[in-house]
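Student: Build me a model from this:
(one chain, ligands or ions: 2)
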Amino acid sequence: MDDAAGLASAAPVTKERYRDAMAAVAAAVNVVTTDGPGGRAGFTATAVCSVTDAPPTLLVCVKRDSSVGEAFRANGALCVNTLAPEHKRLSNLFGGRTPVEERFAAATWRRGPSGAPVLDGALAHFDCRIDRVVDVGTHAVLFCEVLDIGVGEPCEGLIYVGRRYDSVLACAAAG
Ligand SMILES: NC(=O)c1ccc[n+]([C@@H]2O[C@H](COP(=O)([O-])OP(=O)(O)OC[C@H]3O[C@@H](n4cnc5c(N)ncnc54)[C@H](O)[C@@H]3O)[C@@H](O)[C@H]2O)c1
Ligand SMILES: Cc1cc2c(cc1C)N(C[C@H](O)[C@H](O)[C@H](O)COP(=O)(O)O)c1[nH]c(=O)[nH]c(=O)c1N2
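Tutor: Ligands and ions are numbered 1, 2, ... in the order given. Got it, this is the predicted structure:
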């Protein structure tokens with residue numbers, strides 16, 4: 001039966017149905033890092049998206065009640081490290097309840113211009129200044145101006161789809 005607006009009535013969009021549908025959407029896997037006065041922190045994120053290329057801007061969504069959120073706000077800087085298939089274990093470490101030192105001990109890092117850790121061997125990295133934070137429901141959306149970019153050697157990217165990891169060809173054009 002159609003409602004007054006002419007739209008077919010549908011089952012309510014519950015959190016569970018929303019998550020089930022989102023589970024069907026493939027996403028690149030990133031470890032997002034920060035360092036500075038608020039301390040070193042990092043977490044695994046699939047909620048990362050390019051916003052505009054002028055000025056180069058991306059967004060990252062972070063759960064507001066996560067242990068890491070405050071460090072990002074305090075430091076005002078972050079690096080999005082896009083993972084290759086060999087980083088599956090790293091993704092699980094940064095996505096679980098692992099202490100921060102144990103997360104970082106599992107890989108080699110250097111410091112980007114923003115001060116945030118840059119992952120050796122990442123498919124690509126985007127070093128950023130956090131320009132704006134917008135709270136939406138359970139998450140904070142961090143709008144980030146990209147200060148520095150690196151494109152790595154790996155030609156395959158790590159993706160997360162159907163609640164599991166997979167890999168995809170991802171030879172990025174160096175610029
Ligand atoms: N955006 C996010 O915060 C996000 C994204 C992916 C996974 N995760 C977390 O990783 C764990 C494993 O995830 P899963 O994919 O195996 O199973 P799941 O059923 O928890 O999630 C299915 C999909 O729903 C989306 N999603 C999950 N939690 C969300 C949240 N709090 N806010 C917005 N979107 C969300 C993601 O696209 C995810 O891949 C869960 O604890 C999940 O909360 C969080
Ligand atoms: C594949 C995958 C993808 C995501 C996540 C997990 C995994 C396994 N997590 C969850 C996030 O990484 C987790 O909560 C961190 O451990 C940070 O929180 P704590 O430090 O544990 O509180 C997550 N969290 C978030 O806020 N935004 C996101 O986009 C994602 N994406």
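Student: is it true that Pro154 touches Ala84?
Tutor: Yes - when contacts are counted by CB atoms under 8 Å, Pro154 is listed as touching Ala84 (3.8 Å). The way it works is simple: take the backbone N, C-alpha and C, and place the C-beta from them, glycine included.
Student: Which neighbouring elements make contact with the host helix or strand of Glu145?
Tutor: In the assignment (DSSP states H and E), Glu145 maps to strand 139-151. Helices and strands in packing contact with strand 139-151 are listed as strand 56-63, helix 69-75, strand 77-82, strand 124-136; criterion 3 or more CB pairs under 8 Å, 6 or more residues apart in numbering; DSSP states H and E.
Student: Go through stretch 156-165 and flag the buried ones.
Tutor: Residues of stretch 156-165 classed as buried by neighbour count (16 or more other CB atoms under 10 Å): Gly157, Leu158, Ile159, Tyr160, Tyr165.
Student: Now flag whichever of these is closest to Ala124.
Tutor: Relative to Ala124, the closest of those is Gly157; by CB to CB it sits at 8.8 Å.
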